[in-house]
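S.K.: sequence plus the predicted model coming up.
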Amino acid sequence: MIDLSFTKEQEEFREKVKEFALKEVEPRRKEWDRQGKSALPINGRLAEWGLLKSDMDNITRGILTEEIAYVDFNSAMPLVWATMPFVLHELPGVPEHIKKQIQEGILSGKSFLALCFGEPGAGTDMAGFKTSAKKEGEEWVINGTKNTISWVNADYYFVCAKTGKSEDGIWALTDFLVPASLPGVGKPEIWKDLGSMGAVRGKVDFTNVRVPLDYMVGEMGKGYLLAAEFFDTNRAFIGLKCIGAAQASVDEASVYARKREVMGKPIAGYQAISFPLAEAQTLLEAARLLCYKTLWMADKGARHTTEGAMCKWWIPEITLEIVRKCLLIHGQYGYTKDLPFEQRLRDILGWQIGDGTAEASKLLIARSMMGKDYVG
């Protein structure tokens, strides 16, 4: 039996999140985007409302993501990361008192842990990473440069570094917890991105950074597996962020189409307006089902690499086009910064790149269909 409904508790949670978003997020959206401010403080406010919990299931987390993104894409980004239950946040092997301090700081909105995977010249190609970690006595010594880091000005870094031989490829990678305050951790270089101001991006140099042996996260040589686990599920949250922004655009365009009159009648009466909106709503419903199916699989412990890849390549692409059409429906006024369409376009566009390109996602899907021996 297939049940596609949300539970009563989840629907009640959705309504509370909507209320929170309108009161706490909407009034600040323009300011955060205009000034390039991180929406990170929103974590603390959500916690005060009793809506931010680290043990929520992925479906509930998806509801949180979609409803916050409906009001502001930027604010959804730190909320998703703060509540993720992945092994990345659980920091296996790291001393309990250190883990507790980090986890409590993230949930209160007072600190943040940034993922450091990408490198200059090696983004999706993790086997090509150059950052290294070598054991010296009771410490690991880390050297290298990490870029495309979201929340590059974070308090802690989750660094993926090479601990094995180059010929071992991805199995030479191991993850480490690196406090930003340690000697050798360079000052973050902040990039001036087009959008997604909720996550300041850039690069950090690590020069002879020494961390204790027990700051190694997980097992040696399993760094890629931890990253893969994160990306598979996070791609559904990326999809829901894009869906939230696009759904708001469709809803706004539908209201506008009923009010705006041309040649004596509302433009909603013209198929050139109503049909694109109908098509957009159909695509959003299909995309939403794909995302929640992916999160359902994650909650069941089922492998969802293929489904996550589908979310990643397809949804940012269709939602960008949906928002563009909604902007055009609003005419000249839609092209101004007074309306939120231009921000949504900038924000969604970045996620056609972040967490892997469309081509990388399609490769994963093709391999699941025909086998790695035949596809790439």
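M.R.: Great, that's in hand.
S.K.: switch to C-alpha atoms for all contacts and neighbour counts from now on
M.R.: Fine.
S.K.: quick check: mean pLDDT across stretch 257-273?
M.R.: For stretch 257-273, mean pLDDT is 94.
S.K.: what residues does that stretch touch?
M.R.: Identification of contacts with stretch 257-273 by Cα atoms under 8 Å, 6 or more residues apart in numbering yields Ser254, Ser274, Ile329.
S.K.: for that stretch, buried residues please.
M.R.: For stretch 257-273, the neighbour count (16 or more other Cα atoms under 10 Å) marks Ala257, Ile267, Ala268, Ile273 as buried.
S.K.: look up how far Pro41 lies from the third one.
M.R.: In this structure, Ala268 lies at 40 Å from Pro41, with Cα to Cα, to the nearest Å as the measure.
S.K.: one step back: redo the buried residues of stretch 257-273 as a markdown table? Include secondary structure and distance to Ala122.
M.R.: Output for the buried residues of stretch 257-273, formatted as a markdown table (DSSP: H, G, I helix; E, B strand; the rest coil; distance: Cα to Cα, whole Å):
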| residue | secondary structure | distance to Ala122 |
| --- | --- | --- |
| Ala257 | helix | 46 |
| Ile267 | helix | 49 |
| Ala268 | helix | 48 |
| Ile273 | helix | 44 |
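S.K.: show me the domain layout of the protein.
M.R.: For the chain, automatic domain parsing gives the domain ranges 8-85, 112-221, 225-370.
S.K.: what's the closest of the ones you listed to Glu96?
M.R.: Among those, domain 112-221 comes nearest to Glu96, with 10.6 Å by Cα to Cα.
S.K.: residues contacting Val17?
M.R.: Leu51, Leu64, Glu67, Ile68.
S.K.: could you list the low-pLDDT ranges of the chain?
M.R.: The chain contains residues with pLDDT under 70 at 1, 38, 83-89.
S.K.: where along it do the helices fall?
M.R.: Assigned by DSSP state H, the helices in the chain fall at 8-20, 29-35, 42-48, 58-71, 73-83, 87-90, 96-108, 223-259, 271-300, 305-329, 331-334, 341-350, 358-370.
S.K.: any chance of these in JSON lines, with distance to Phe158 too?
M.R.: Output for those, formatted as JSON lines (distance: least, Cα to Cα, whole Å):
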{"stretch": "helix 8-20", "distance to Phe158": "29"}
{"stretch": "helix 29-35", "distance to Phe158": "26"}
{"stretch": "helix 42-48", "distance to Phe158": "20"}
{"stretch": "helix 58-71", "distance to Phe158": "22"}
{"stretch": "helix 73-83", "distance to Phe158": "13"}
{"stretch": "helix 87-90", "distance to Phe158": "8"}
{"stretch": "helix 96-108", "distance to Phe158": "12"}
{"stretch": "helix 223-259", "distance to Phe158": "10"}
{"stretch": "helix 271-300", "distance to Phe158": "22"}
{"stretch": "helix 305-329", "distance to Phe158": "22"}
{"stretch": "helix 331-334", "distance to Phe158": "40"}
{"stretch": "helix 341-350", "distance to Phe158": "22"}
{"stretch": "helix 358-370", "distance to Phe158": "23"}
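S.K.: re earlier: drop anything exposed from the contacts of Val17.
M.R.: Counted by 16+ other Cα under 10 Å, these give Leu51, Leu64, Glu67, Ile68 as buried.
S.K.: coming back round to it: any chance of the domains of the chain in CSV, plus distance to Leu91?
M.R.: Shown next, in CSV, are the domains of the chain (distance: least, Cα to Cα, whole Å):
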stretch, distance to Leu91
domain 8-85, 10
domain 112-221, 6
domain 225-370, 10
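S.K.: and Lys362, what does it touch?
M.R.: Lys362 sits in contact with Ala309, Met310, Trp313, where contact means Cα under 8 Å, 6+ apart.
S.K.: out of the residues you listed, the closest to Thr148 would be?
M.R.: Set against Thr148, the nearest of the contacts of Lys362 by Cα to Cα is Trp313 (18.6 Å).
S.K.: thought the closest one was touching Asp355?
M.R.: No - counting by Cα atoms under 8 Å, Trp313 stays clear of Asp355, with 10.2 Å between them.
S.K.: for Leu240, which non-adjacent residue is closest in space?
M.R.: Spatial nearest neighbour of Leu240, chain neighbours left out: Glu66 (5.1 Å); criterion: Cα to Cα, 6 or more residues apart in numbering.
S.K.: who's in contact with that neighbour?
M.R.: Neighbour list for Glu66: Ala76, Leu240, Lys241, Ile243, Gly244 [criterion: Cα under 8 Å, 6+ apart].
S.K.: and the second one, how far is that from Gly128?
M.R.: With the distance defined as Cα to Cα, Leu240 ends up 31 Å from Gly128.
S.K.: neighbour count for the two, which is higher?
M.R.: Each of Leu240 and Gly128 has its neighbours counted (other Cα atoms under 10 Å); Leu240 has more, 32 against 15.
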